[in-house]
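> any chance you can model this:
(chains A and B)
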Amino acid sequence: RKEVEQDPGPFNVPEGATVAFNCTYSNSASQSFFWYRQDCRKEPKLLMSVYSSGNEDGRFTAQLNRASQYISLLIRDSKLSDSATYLCVVRVNTDKLIFGTGTRLQVFP
Amino acid sequence: EAQVTQNPRYLITVTGKKLTVTCSQNMNHEYMSWYRQDPGLGLRQIYYSMNVEVTDKGDVPEGYKVSRKEKRNFPLILESPSPNQTSLYFCASSLRGLKNEKLFFGSGTQLSVL
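This next block holds a predicted model:
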């Protein structure tokens, strides 16, 4: 079993739709959680950190469920510019990040 | 502008010909790291450095070397490249390690080893 698992997609959604991605992790001692965004063949960029209480940044909402060991990302009112691959990232100790393979989102007009 | 600069952006080479991919950051970051990204495998860490003269192996260090003689530079060296090292490589840095710190990535180096 992979340490961090994501549905690769693609998720094809129309503009304005709400879409949600989940990510599961296997190490119950994982300490921090993040969503990164990666455009095709470009560098990943931090989208948002994920806190236990959940957090929101504009149209983006991230949630953490430690009991079930998953994190989620909700995107409301999807824009064409949201088309990208979303990487789930888990910090398992002070030295190590585990990257998921990503979920591809395609928003169409 | 705060950034991580990698060079070259694209590199085609032949098996066994030593190469170096450079990485430099201008943010006075202590932590630097190299990753490779392959389809279906996600980003995997090759080597990392918590500070000058301190380097450690990541998950896939075989066939790679690094050095951290200065804080800003963290070159990746392939002494004898092989075709299985064909990949997309990213250098990354953060201020003080990984604890809730944002990682800044370079723009990547697409390496092809023939």
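> what does stretch B:64-79 contact?
B:18-26, B:28-30, B:32-34, B:46-47, B:49, B:51-55, B:63, B:85, B:89, B:91, B:93 (Cβ atoms under 8 Å, 6 or more residues apart in numbering or on different chains). Heads up, the C-betas are built off the backbone N, CA and C, glycines and all.
> residue B:67: how many residues sit nearby?
By the criterion of other Cβ atoms under 10 Å in any protein chain shown, residue B:67 has 15 neighbours.
> any chance of the backbone angles for it?
phi -150, psi 150 (degrees, to the nearest 10).
> please apply the same query to residue B:83.
phi -60, psi -30.
> which ones are touching it?
Residue B:83 makes contact with B:15, B:113-114, according to Cβ under 8 Å, 6+ apart.
> just residue B:57 next, same as before
Taking Cβ under 8 Å, 6+ apart, one finds residue B:47 in contact with residue B:57.
> and it, bridged to which residues?
Under the criterion DSSP bridges, residue B:57 forms beta bridges with residue B:47.
> now the contacts of stretch B:64-79: which count as buried?
Buried subset of those (neighbour count, 16 or more other Cβ atoms under 10 Å in any protein chain shown): B:19, B:21, B:23-25, B:29-30, B:32-34, B:46-47, B:49, B:55, B:85, B:89, B:91, B:93.
> of the contacts of residue B:83, buried ones?
By neighbour count, with 16+ other Cβ under 10 Å, the contacts of residue B:83 hold residue B:113 as buried.
> I'd like the contacts of residue B:83 written out as CSV, with distance to residue A:75, secondary structure and pLDDT added.
Formatted as CSV, the contacts of residue B:83 follow (distance: Cβ to Cβ, whole Å; DSSP: H, G, I helix; E, B strand; the rest coil; pLDDT from 0 to 100):
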residue, distance to residue A:75, secondary structure, pLDDT
B:15, 44, coil, 96
B:113, 38, strand, 97
B:114, 41, coil, 96
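> is it fair to say residue B:81 lies in a helix?
No: counting by DSSP: H, G, I helix; E, B strand; the rest coil, residue B:81 is not part of a helix but coil.
> quick check: which element contains the most centrally placed residue in chain B?
Centroid check for chain B by Cα atoms, centre = their mean gives residue B:34 as the closest residue, at 2.9 Å. Per DSSP states H and E: residue B:34 is located in strand B:31-38.
> so residue A:101 sits right up against residue B:40, yeah?
Yes: Residue A:101 is within contact range of residue B:40, at 6.1 Å (criterion: Cβ atoms under 8 Å).
> low-confidence stretches in chain B?
Applying pLDDT under 70 to chain B flags residues B:100.
> mind jotting down where the strands sit in it?
For chain B, applying DSSP state E gives strands covering B:4-7, B:10-13, B:19-25, B:31-38, B:42-51, B:54-57, B:65-66, B:76-78, B:87-94, B:104-105, B:109-113.
> so which elements touch the fifth one?
With contacts taken as 3 or more Cβ pairs under 8 Å, 6 or more residues apart in numbering or on different chains; DSSP states H and E, strand B:42-51 sits against strand A:96-99, strand B:31-38, strand B:54-57, strand B:65-66.
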